[in-house]
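Sequence plus the predicted model coming up.
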Amino acid sequence: MGTLIALTQTNLIKKVIGINILQTAIFLYFITVGDIHGGIPPIIEPNVTDVIYVNPLPSTLMLTGIVVSFSVTAFALALIVKLYLFYGTISTPVLMKLKLR
């Protein structure tokens, strides 16, 4: 759905929202893949043996991805505000026509 929104909408804010939906879906996918049924958090206790630990790497990488996603979204929205103040529109076809002049 996020890809569809990002590719079909002409409003720049809607495109950013579509990209955020796509990023959130990717984050949820990787967190789901990193989970192990019956696994426990990776806190090693010396007395416990024969347990399956959940891999913490996907969750850690997704936390980093969420921070980067938030930063890129904030920067993109700041650029959209500047585009609107300078050109008076955030519609991509109109901006492309203004670029050609």
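All right, it came through fine.

now the helices: where do they sit in this protein?
Counting by DSSP state H, the chain has these helices, from start to end: 2-8, 12-34, 57-87, 92-100.

tell me what the last one is packed against?
So the one you mean is helix 92-100. For helix 92-100, the elements it packs on are helix 57-87, judged by 3 or more C-beta pairs under 8 Å, 6 or more residues apart in numbering; DSSP states H and E. Just so you know, the C-beta spots here come from the backbone N, C-alpha and C atoms, and that holds for glycine as well.

next one: the longest one
With contacts taken as 3+ C-beta pairs under 8 Å, 6+ apart, helix 57-87 sits against helix 12-34, helix 92-100.

from those helices, which stretch is densest packed?
The highest mean neighbour count among the helices and strands packed on helix 57-87, using mean count of other C-beta atoms under 10 Å, belongs to helix 12-34: a mean of 15.

Residue 21: what's it in contact with?
Applying C-beta atoms under 8 Å, 6 or more residues apart in numbering to residue 21 gives the contacts 1-2, 5.

Give the PyMOL command for selecting the buried subset of the residues you listed.
To isolate in PyMOL the members of the contacts of residue 21 that are buried, counting by 16 or more other C-beta atoms under 10 Å, one can use:
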select buried, resi 2+5
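
Next up, the contacts around the most centrally placed residue in the chain.
The centroid of the chain falls nearest to residue 23 when counting by C-alpha atoms, centre = their mean (2.8 Å). By C-beta under 8 Å, 6+ apart, the residues touching residue 23 are 2, 65, 69.

do the same with residue 55
When contacts are counted by C-beta under 8 Å, 6+ apart, residue 55 touches 34, 36, 42.

So for it, what's the pLDDT?
Confidence at residue 55, expressed as pLDDT, is 83.

What of residue 100?
60.

Tell me the one among the contacts of residue 21 nearest to residue 61.
Nearest to residue 61 out of these is residue 2 (C-beta to C-beta; 19.4 Å).

For the closest one, give its distance to residue 81.
22 Å (C-beta to C-beta, to the nearest Å).

With residue 97 instead?
From residue 97 over to residue 81 (counting by C-beta to C-beta), the distance is 21 Å.

Relative to residue 50, which of the helices of the chain is closest?
helix 12-34 (21.3 Å).

Since that was my last question, I'll sign off now.
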